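J.: predicted model and sequence below, questions to follow.
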Amino acid sequence: MGNGLYLLRLIARNMRRGFRRTALTSLTIALATFVYLVLISVPGSMDRIVHDASATLRLIVINRNLPLYGMPARYCDEIREIPGAAACVAIKAWPATYQDVSDQILAVAEGLEIADVFPDYDLNGEARRAFTRERRGAFAGHVLMSKYHWHPGQQVTLRGVGAGHLKLTFVLLGEMPSKRYPNVFAFRRDYLEEATRAAGLPNPDLAMNLVVRVDRARNVAPLIREIDSTFHNSDFETRTVTESDALAGGLSILGNVRAIVLSLCVVVVLTVLLIAANSTAMTVRERMNEVGVMRTLGFGRGAIAVMLLGECAALGAIGGVLGAAAALVIFWGGTTMGAIGRMSALWVTPAGAAEAIGVAIAVGILSGALPVIAAVRTPPAIALRQVG
């Protein structure tokens, strides 16, 4: 116990002696930990999107032959009459921008039935009544509210990116508490249709998709078959899938993201390993005289190796904690990120942060392994003659 505390004091003292090098190496590891943690959070966020959706009893109805063309909103009237369908709503996508063209918003125009189809939106009670009363009413997810510092009652103006660049002003009724769609901007479909007609723009009765809530889990498969058979050989044949399958299919267009992220993580780790190894080799070379003195005083090779590797591990731990803490602060509440952000958000979790810190400590130890082994194997007489 006494020897262990003595070694810890030596490690702390030695790290203070080379403060500049210690700080620079720790910051390098911190930056790499930050990048590594964000990268490994990408596939984790994708899994979270699909996993959360798998718990819902919702179906997505799209155009079988031309998925991007859309579906007639009137189909919902027939779907509601099918046994097993608890509710149906037509959703129309309205790609828009906020203050700048880079501020892209996933705005979706939805019918008033949205609260019945998406109970996790929590648009019940006063929120639902407000949505019914206010034609320009809208709800925004947590990520958007935080990103743009919006607040309930604020007027928000968005500009469409399509033909005519339609400009619409909304009244924010509140934050949408749904964790599945934290960056969605939801508003009334009739408001969009009225504004489109007033601007003289084409306004076909086509929705991006129809969303159906199933009353019971056992009715999911039968309802899928019944919906597709009902509209078989119609002008708009349907393809009905579960919400999780629809999200998984949408994310699949990004390609093999996992393989790309893994490759980038390996590159980051190897780069930092080389930088840290170079710094550690210089530190150990400068300390060869001390190693020789400690060997002469009776310190064993194991104790000296533990001391030197302990410094390396401490560097990794400091850098890892700094990098992971920064990533948690920035991405804890989720943030939009390109194509993935259009469906949900990127999250950094405590579990991911712990993994990244562990990797940083491992990188620190591995970076010092070879120099430390070479140092403790050097005979004391030779080590005492070496000048750092």
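T.: Perfect, thanks for sending it.

J.: which residues in the stretch 51-200 of the chain form strands?
T.: Per DSSP state E, counting those that start in this stretch, the stretch 51-200 of the chain carries strands over the ranges 58-63, 71-72, 85-97, 104-110, 137-141, 155-160, 167-176, 184-188.

J.: between those, which one is nearest to Gly298?
T.: With C-beta to C-beta as the measure, strand 137-141 is the member of the strands of the stretch 51-200 of the chain nearest Gly298 (64.8 Å). Yep, even glycine has a C-beta here, placed from its N, CA and C like the rest.

J.: how far does the closest one sit from the chain's center?
T.: Centroid displacement of strand 137-141 relative to its chain, using C-alpha atoms, centre = their mean, to the nearest Å, is 21 Å.

J.: cool, stretch 89-101 as well?
T.: The chain centre lies 21 Å from the centre of stretch 89-101; the measure is C-alpha atoms, centre = their mean.

J.: now stretch 271-286
T.: 33 Å.

J.: phi first, then psi, for the closest residue to Leu172 other than its chain neighbours.
T.: In space, and not counting its chain neighbours, Leu172 is closest to Gln154: 4.9 Å by C-beta to C-beta, 6 or more residues apart in numbering. Dihedral pair for Gln154: phi -80, psi 140, per degrees, to the nearest 10.

J.: distance of Gln154 from Glu126?
T.: Separation of Gln154 from Glu126 (C-beta to C-beta, to the nearest Å): 18 Å.

J.: mind checking which of the two has more residues around it?
T.: More crowded of Gln154 and Glu126, by other C-beta atoms under 10 Å: Gln154, with 13 against 10.

J.: I figured Lys92 hits Met208, correct?
T.: Yes: the criterion here is C-beta atoms under 8 Å, and Lys92 meets it with Met208 at 5.5 Å.

J.: what residues are shared contacts of the two?
T.: Shared contacts of Lys92 and Met208, defined by C-beta atoms under 8 Å, 6 or more residues apart in numbering, are found at 70, 108.

J.: the biggest helix by length in the chain - contacts with which helices or strands?
T.: Longest helix of the chain, by residue count under DSSP state H: helix 19-54. Packing partners of helix 19-54 (3 or more C-beta pairs under 8 Å, 6 or more residues apart in numbering; DSSP states H and E): helix 243-252, helix 257-286, helix 301-331, helix 338-343, helix 350-377.

J.: quick check: buried residues in the last one?
T.: The one in question is helix 350-377. Neighbour-count burial for helix 350-377 flags 352-353, 355-357, 359-361, 363-368, 371-372, 375-376 (criterion: 16 or more other C-beta atoms under 10 Å).

J.: mean confidence score for it?
T.: Averaged across helix 350-377, the pLDDT comes to 84.

J.: packing partners for it?
T.: helix 19-54, helix 257-286, helix 288-296, helix 301-331.

J.: which residues are in contact with the residue nearest to Val372 when sequence neighbours are not counted?
T.: Using C-beta to C-beta, 6+ apart and skipping residues adjacent in sequence, the residue nearest Val372 is Leu308, 4.5 Å away. Leu308 makes contacts with 284, 287, 368, 371-372, 375-376, as judged by C-beta under 8 Å, 6+ apart.

J.: perfect, I'm done here.
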